[in-house]
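Enquirer: dropping the sequence and predicted coords here.
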Amino acid sequence: MPKLATIARAGLLIGALAMAGCSESQSTFEGLAAKGEVHIPPKILAEMKAKDMPRNSPVLARIFKEEGKLEIWKQKANGRYDVIASYDICKWSGKLGPKYIEGDRQAPEGFYSVRPGQMKPNSQYHLAFNIGYPNAYDRANGRTGSNLMVHGACSSSGCYSMTDAQIEQIYAFGRDAFAGGQTEFQIQAFPFRMTAANMARYRTDPNYAFWKMLKEGYDYFEITKVPPKVDVCEKRYVFNRIPENGTPFSPTGACPASTQPDSLKMAFQTYQSSYEAAFASAVKASTPAPKPTINGIKEANIVSDWTKQRARGERVPIEPPSLEADGSVKVTGRMGRIDSPAGRRMAALEAAEAEKQKIAEEKKRAAEEKAAAIALAKAQKNAPVPAPSPAPAETAEAVAAAPAEAPERTGLLGGVRKRMASLFGG
């Protein structure tokens, strides 16, 4: 078993080969420095000194979604890295799993690089830096998206958002490393700490093959404590590979023949043997239930459509829809509209349309009532007048028995006749 120092030196050799990159202009760096008035706290500076970390030595960031952590690792004088600060991520959006397309609200997972030009000292989110999505792997696999950041303001729609106080320290680490000559620093973004227990928990997840690929880079860093050299070929990540005859890596082409230092290969094989035994044991053990994960490009498209509707100001479910394991789409009942110019404009248009519809319905109802009244009046006018009902028929016996009565007469003449009849016994 080679000593760790030997492994570290091998890792440093490989890492040095990955430092190719264009230098940023002096004006860009000056802008970075001018904004960077924030300072690393004295307590952290004292810890850096205790760990033999020069103030301007290179840095690396590691992100773990499930644990909600962002770690800053810094290079010591011996070339190996050690963690110097750990922060609780204030907010990240989406689920565990990679980002697929613009609008899916997923925070990226993978290996990314930050150069001075990606630092955003005048960000509307206090301070920020672009993590470099999409990288070569993302582009080779047709993944899209833009402006994916680590920033302040604790607000996220696909980014990793920190508090303002946190981003000031994180930003200062990057600024000081660039001042010390680092041309880019690596960001390693993972769904969770890639331990045997966690990998066993997610072994049936649709993203598992992607995560196993990331784990190789994770493992190299765990072994060497040096950022792995990252390349892409055959649309997949490869780590710590030195191509023979200087053949370049093509993200979509066949992987060229490559080599690794023997010490590194041996250390990796030993590490994997221990991991496989731990994984087998973890499969049998009871573990916490897995967290929600994105169900591939199909769910990404569903969420992306929701995002587009929301951006247009349409009323949509408050939470993004999700794709269930059985293929059904889960949508929350509460509806809402984004508070933006587009949202307010759409709300005004819908309110005007609703009022217009209400007026039209009232006019229609009034016209229907008027037409009904006219039809009723016409029907009553044209109806025949019914004949009076005859008096109930009397029996012949009753008619014969009853004396004839003169019809009662009213008026003056009738009164005279009535008096005369009384005089003569009538």
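Expert: Yep, it's here.
Enquirer: mind jotting down where the strands sit in the stretch 201-350 of the chain?
Expert: 230-233, 236-239, 242-243, 258-259, 316-317, 322-323, 329-330, 335-336 (DSSP state E, counting those that start in this stretch).
Enquirer: just name the most buried of those strands.
Expert: Comparing the strands of the stretch 201-350 of the chain by mean neighbour count (mean count of other Cβ atoms under 10 Å), strand 230-233 comes out on top with a mean of 24. For the C-beta atoms, the positions are set from N, CA and C on the backbone; glycine is no exception.
Enquirer: any residues touching that one, and which ones?
Expert: For strand 230-233, contacts defined as Cβ atoms under 8 Å, 6 or more residues apart in numbering pick out 18, 111, 135-137, 140, 186, 217, 237-239, 241, 249-251, 253-256.
Enquirer: mind running it again at 7 Å?
Expert: For strand 230-233, contacts defined as Cβ atoms under 7 Å, 6 or more residues apart in numbering pick out 18, 111, 136-137, 140, 217, 237-239, 241, 249-251, 253-255.
Enquirer: picking that back up, now render the strands of the stretch 201-350 of the chain as a markdown table, adding mean pLDDT and distance to Ile89.
Expert: Shown next, in a markdown table, are the strands of the stretch 201-350 of the chain (pLDDT from 0 to 100; distance: least, Cβ to Cβ, whole Å):
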| stretch | mean pLDDT | distance to Ile89 |
| --- | --- | --- |
| strand 230-233 | 98 | 23 |
| strand 236-239 | 98 | 23 |
| strand 242-243 | 94 | 35 |
| strand 258-259 | 95 | 35 |
| strand 316-317 | 91 | 25 |
| strand 322-323 | 92 | 21 |
| strand 329-330 | 92 | 25 |
| strand 335-336 | 87 | 25 |
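Enquirer: nearest to Pro191, of those?
Expert: strand 236-239 (14.8 Å; Cβ to Cβ).
Enquirer: what is that closest one packed up against?
Expert: Under the contact criterion of 3 or more Cβ pairs under 7 Å, 6 or more residues apart in numbering; DSSP states H and E, strand 236-239 touches helix 208-224, strand 230-233.
Enquirer: closest one to Met119 among the ones you listed?
Expert: Met119 lies closest, by Cβ to Cβ, to one member of the helices and strands packed on strand 236-239: strand 230-233, at 20.5 Å.
Enquirer: quick one: the closest one to chain centroid distance?
Expert: 28 Å (Cα atoms, centre = their mean, to the nearest Å).
Enquirer: and for stretch 286-302?
Expert: Worked out by Cα atoms, centre = their mean, stretch 286-302 lies 12 Å from the chain centre.
Enquirer: again, but for stretch 234-249
Expert: With Cα atoms, centre = their mean, you get 34 Å for stretch 234-249.
Enquirer: re the thing from before, filter the contacts of strand 230-233 down to the ones in helices?
Expert: 136-137, 140, 217 (DSSP state H).
Enquirer: in CSV: those, plus distance to Tyr208, pLDDT and neighbour count.
Expert: Listed next are these as CSV, based on distance: Cβ to Cβ, whole Å; pLDDT from 0 to 100; neighbours: other Cβ atoms under 10 Å:
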residue, distance to Tyr208, pLDDT, neighbour count
Ala136, 22, 98, 19
Tyr137, 17, 98, 24
Ala140, 20, 98, 18
Gly217, 16, 98, 23
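Enquirer: just flag the most distant two among these.
Expert: Farthest-apart pair in the ones in helices among the contacts of strand 230-233 is Ala140 and Gly217; separation 16.2 Å (Cβ to Cβ).
Enquirer: hang on, the earlier thing: in JSON lines, list the strands of the stretch 201-350 of the chain along with distance to Phe64.
Expert: As requested, those are exported to JSON lines (distance: least, Cβ to Cβ, whole Å):
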{"stretch": "strand 230-233", "distance to Phe64": "18"}
{"stretch": "strand 236-239", "distance to Phe64": "18"}
{"stretch": "strand 242-243", "distance to Phe64": "29"}
{"stretch": "strand 258-259", "distance to Phe64": "29"}
{"stretch": "strand 316-317", "distance to Phe64": "29"}
{"stretch": "strand 322-323", "distance to Phe64": "22"}
{"stretch": "strand 329-330", "distance to Phe64": "26"}
{"stretch": "strand 335-336", "distance to Phe64": "31"}
